[in-house]
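A.B. asks: Here you go, sequence then predicted model.
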Amino acid sequence: MEKKEKGKILIPNFWCVGVDGDHALYESDLGWCQRDFDDAMSENPEKVFRYNVNEVGMSILFFWVKDMNWYTLDMEKYPVELRRLRKSPNWDGKWVYENVDCTYPDHHADGDVIMTFDDDSRIWNDLVINGEHIEQILNESLIHDIG
C-alpha cells in the first residue's frame, strides 16, 4: 500500500492529528493506517478489523466524521460495549482523544452504550450505526487504538 496524500481538509481546526503540527483533519487521516495493514498482513478491511479487535483484543476509539461523534469499542468489558461519547459545548476533540482509556471505564462514563456484543466475533457482521456498517464507518473515521 502506498503512502496516502493528505487530500481534502475535512475539519480545518480539529487539533494536532499529524506529527507536523498541522491542526486539520484530512481525508488521508481516515480509516486504518499503514501500520494496521502491516500488522494484519492484509489490506482487506475485515481482516484488519478481525486481527486488531478479535485476535489482539484491541479496544478502539474512533471519530466518525459523518456524524461528528467519538465512539469507543471497549474490548475490556463483557459484554463488549460500543459507546457514543457525549459532546460538550466547548469541546474541540483534544480532551477526548488524549484522555479516554477503555482500561478505565470511568474515564468515559459520560458516554452512552449504544450496542453490546456477547460474542466479539459477531462485531464485524452486526455493528451498524445509523444504518451504516462498521466497514463504512471506519473508512470515514479517524481510528485510534487505546488498549
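C.D. replies: Received it, and whenever you're ready, just let me know what you need.
A.B. asks: Apart from its chain neighbours, what residue comes closest to the residue most central in space within the chain?
C.D. replies: A centroid search over the chain (CA atoms, centre = their mean) returns Phe62, at 2.1 Å, as the residue closest to the centre. Residue nearest to Phe62 in three dimensions, not counting chain neighbours: Ser141, with 4.1 Å by CB to CB, 6 or more residues apart in numbering. Placement of C-beta: from N, CA and C, glycine included.
A.B. asks: Contacts only, for that neighbour.
C.D. replies: Contacts for Ser141 (CB atoms under 8 Å, 6 or more residues apart in numbering) come out as 30-31, 62-65, 71.
A.B. asks: Confirm Phe62 sits in a strand?
C.D. replies: Yes. The assignment for Phe62 is a strand, going by DSSP: H, G, I helix; E, B strand; the rest coil.
A.B. asks: I figured it was touching Ile143, is that so?
C.D. replies: Yes. With contact defined as CB atoms under 8 Å, Phe62 counts as touching Ile143 (4.7 Å).
A.B. asks: what's the following helix or strand after the lowest-mean-pLDDT helix or strand in the chain?
C.D. replies: Taking mean pLDDT, DSSP states H and E as the measure, the helix or strand of the chain with the lowest value is helix 94-99, at a mean of 61. Read in the C-terminal direction, the helix or strand following helix 94-99 is strand 111-117, with elements assigned using DSSP states H and E.
A.B. asks: ok, residues contacting the next helix or strand after that following strand?
C.D. replies: Beyond strand 111-117 on the C-terminal side, the first helix or strand identified by DSSP H and E is helix 123-126. The contact list for helix 123-126 (CB under 8 Å, 6+ apart) reads 46, 49-50, 53-54, 73, 80, 115, 117, 134-135.
A.B. asks: Of the residues you listed, which qualify as buried by neighbour count?
C.D. replies: A residue is treated as buried here by neighbour count (16 or more other CB atoms under 10 Å); on that basis the buried members of these are 49-50, 53, 73, 80, 115, 117, 134.
A.B. asks: Return the member of these nearest to Lys8.
C.D. replies: Set against Lys8, the nearest of the buried ones among the contacts of helix 123-126 by CB to CB is Ile134 (23.3 Å).
A.B. asks: Brilliant, that's me finished.
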